[in-house]
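[1] model this:
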Amino acid sequence: MFAESDAFLTALLDTIKQDNPDVLLISGDLTKDGEKEGHEDLAEKLEEFRKEEMPDLHIYITPGNHDHEHANGMNFNTDDALQFRPA
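    Numbers count the residues shown, from 1 in each chain. Down below sits the predicted model:
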């Protein structure tokens, strides 16, 4: 799954570069099952893309159901990584 996701992300970033937008809004489903490695990998690639290719691009991200609405969903923004449960 990661190999296909990486190829898709690379193609998408190429298209974004060609379109040259001011803002990029990613509306969730950043990972398949909310795995931490997937979030970290995406964050690293987006930061690298912004720094090296489009330094003026503003990137905004919201989580989707695949990012947190499953039995193993975790909140990676806290030290205790308590499971995330939307209100």
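
[2] the helices in this structure, which residues?
    Along the chain, the segments classed as helices by DSSP state H run 2-19, 36-52, 65-68.

[3] tell me the most buried of the ones you listed?
    Highest mean neighbour count of the helices of the chain: helix 65-68, a mean of 18 (counted as mean count of other C-beta atoms under 10 Å). (C-beta placed from N, C-alpha, C; glycine too.)

[4] Just the mean pLDDT for that one, thanks.
    Confidence for helix 65-68, expressed as mean pLDDT, is 67.

[5] Excluding chain neighbours, give the residue nearest to Thr31 in space.
    Computed as C-beta to C-beta, 6 or more residues apart in numbering, the closest residue to Thr31 that is not its neighbour in sequence is Gly38, at 3.4 Å.

[6] Run through the protein and note the low-pLDDT ranges.
    Under the criterion of pLDDT under 70, the regions of the chain flagged as low confidence span 1-3, 32-34, 66-87.

[7] ok, now with 50
    Low-confidence regions of the chain, defined here as pLDDT under 50, cover residues 84-87.

[8] wait, Ile59 sits on Ile26?
    Yes - contact between Ile59 and Ile26 holds when scored by C-beta atoms under 8 Å: they sit 7.2 Å apart.

[9] What residues of stretch 52-64 count as buried?
    Of the residues in stretch 52-64, those buried by neighbour count under the rule 16 or more other C-beta atoms under 10 Å are 54, 57, 61, 63.
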